[in-house]
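In: The following block contains a protein sequence and its predicted model.
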Amino acid sequence: MKYRFLGTSAAEGIPALFCDCPVCNAVRKGENGYTEKDVRTRSQSMVNDDMIIDLPIDTNRHAHKNGLTLGKARYLLITHPHVDHFFPQELANRTGGHAKDLTYEKMEILCSEGTKKVYDQFCEFMGWGKLLATRFDIRVIKPYERVNLNGEYEVTALPAVHAPKDTCLIYLIKDLKENKTVFHCNDTAALPCEVLDFMQEKGVKVDFVQMDCTLYSIAGHNRHMGYKECVELKNELIRRGIANEGAKFYINHFTHNDYAPYEARAQETAKDGISVSYDGLAVEV
C-alpha cells in the first residue's frame, strides 16, 4: 500500500500568494535553510494509484509534478468543503472531450452531507448536474459509517473537529488486499475521546497516520492541532493498541504563520518517532 503526499500546506500555501513576510520570502529565494521541500501546495493525498483524497485547486499541478495519470483513479474522498480541499469546478475536466481513455467510466466520490450540499449548489449554479452525473457517482458517508468499495477498500468516516460544524470528516482507509490501514487525520483539532473509543472498540489497527499540524507551536486551537497534540495522539493510539507495531506517523498541513525549515523540523520531530511530510513524498505502508 502506498500513500503519497501531493500537497502539504494549509489554505494559503507556502510561500503564501500575497505574503511578503520573512518566511515566505526566504522560501521563495531558498535562503535561511529553506529548500524545495519547503515549497508547499494545498493539501491533497493519494492512496495507491486509484484513490484521491481531496481536490484542491492545485490538483493539476500535483498530477504533472508527480507524473500521475488521474484517469486511473476510481475513488475520491473529500474531507470537507473548504475550497483548499474541494474545488468542484475541476470535476468538469473529467467529462466529455476533456478526459479520454479513462480506466473507469465513473469515479466514486465519498463526502459528508455538508460537502454534498456544496456540490449540489455548484451543479445548480453552473447547470452541470447532468454533465457530472455521466462521470461521477457521489455518495454521502456519515460519521462512524463504514463502507466497502468494490472489495478493494474499506473506508470509515470519523467526525473531525473543524468548521463548519458537522461537515468535516477524517478517514480510516483499509486496503483489503494488503490488509493495511491508513488514518488520514486532517483538518481537525485534537480528537475527542469518543472518536478514539470508537476505534478501540471496533478493533481498528492502523499502520500509517498523518496528522494535522497546522499550528506547530500552538495547542488548544479549535480547528487544528499543534505538535504537542500530535505527539499526544500518537501516544494515545499506541497506548490503546490502535496503532500496530511499526506504524508510521507523519505531521502535515502547515501554515507559513508558524513555520521553520523542513530539515530543522524533521530533526526536532525524529526524537518522538514522527516524520515531517513534504510535497511529493511517497511512503510505503
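Out: All right, it came through fine.

In: what distance separates stretch 126-137 from the centre of its chain?
Out: Taking CA atoms, centre = their mean, to the nearest Å, one finds stretch 126-137 lying 24 Å from the centre of the chain it belongs to.

In: what do you get for stretch 132-148?
Out: Using CA atoms, centre = their mean, the offset of stretch 132-148 from its chain centre is 17 Å.

In: ok, and for it, which residues are buried?
Out: Under the neighbour-count criterion of 16 or more other CB atoms under 10 Å, stretch 132-148 has 132, 135-136, 138, 140-141, 143 buried. The way it works is simple: take the backbone N, C-alpha and C, and place the C-beta from them, glycine included.

In: and if you look at stretch 201-210?
Out: 204-210.

In: Residues in contact with that stretch: which ones?
Out: For stretch 201-210, the surrounding residues in contact (CB atoms under 8 Å, 6 or more residues apart in numbering) are 1, 3, 5, 45, 156, 172, 180-186, 233-234, 237, 241-244, 246-252, 277, 283, 285.

In: buried subset of those?
Out: 1, 3, 5, 45, 156, 172, 180-186, 233-234, 237, 242-243, 247-252, 277, 283, 285.

In: which strand of the chain spans the most residues?
Out: strand 243-252 (DSSP state E).

In: Relative to that strand, what are the paired strands and their orientations?
Out: If you go by DSSP bridges, strand 243-252 pairs up with strand 206-212 (parallel), strand 275-276 (parallel).

In: separation between Val47 and Asp279?
Out: Val47 sits 17 Å away from Asp279, going by CB to CB, to the nearest Å.

In: before we move on, what about His162?
Out: 22 Å.

In: Do a quick rundown of the helices in the stretch 151-285 of the chain.
Out: 193-201, 227-239, 262-270 (DSSP state H, counting those that start in this stretch).

In: quick one: the strands in the stretch 51-200 of the chain?
Out: 51-53, 75-77, 107-111, 136-140, 146-149, 153-159, 169-175, 180-185 (DSSP state E, counting those that start in this stretch).

In: Turn the ones you listed into TSV, including distance to Thr269 and mean pLDDT.
Out: Output for the strands of the stretch 51-200 of the chain, formatted as TSV (distance: least, CB to CB, whole Å; pLDDT from 0 to 100):
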stretch	distance to Thr269	mean pLDDT
strand 51-53	22	98
strand 75-77	26	98
strand 107-111	31	98
strand 136-140	36	97
strand 146-149	31	98
strand 153-159	24	98
strand 169-175	21	98
strand 180-185	16	98
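
In: I'd like the strands paired with strand 243-252 as a markdown table, with distance to His62 and mean pLDDT appended.
Out: Shown next, in a markdown table, are these (distance: least, CB to CB, whole Å; pLDDT from 0 to 100):
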| stretch | distance to His62 | mean pLDDT |
| --- | --- | --- |
| strand 206-212 | 16 | 98 |
| strand 275-276 | 19 | 98 |
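
In: To Leu55, which of the ones you listed lies closest?
Out: strand 206-212 (17.3 Å; CB to CB).

In: related to what we said a few turns ago, outside of the longest strand of the chain, which residues touch it?
Out: 5, 8, 43, 186, 205-213, 227, 230, 234, 237-238, 269, 273-277, 283, 285.

In: try it again with 6 Å
Out: For strand 243-252, contacts defined as CB atoms under 6 Å, 6 or more residues apart in numbering pick out 8, 186, 205-211, 213, 230, 234, 237, 274-277.

In: Can you point out the buried residues in stretch 89-102?
Out: So for stretch 89-102, counting by 16+ other CB under 10 Å, buried means 91-92, 94, 102.

In: Quick check: the two most widely separated of these?
Out: It's Ala92 and Leu102 that sit farthest apart of those, by CB to CB, at 14.2 Å.

In: So for His162 and Asp279, which residue has more residues nearby?
Out: Asp279 (25 against 21; other CB atoms under 10 Å).

In: State the distance from the closest residue to Lys116 other than its chain neighbours to Tyr153.
Out: By the measure of CB to CB, 6 or more residues apart in numbering, the closest residue to Lys116 outside its immediate chain neighbours is Val140, 5.1 Å from it. According to CB to CB, Val140 and Tyr153 sit 17 Å apart.
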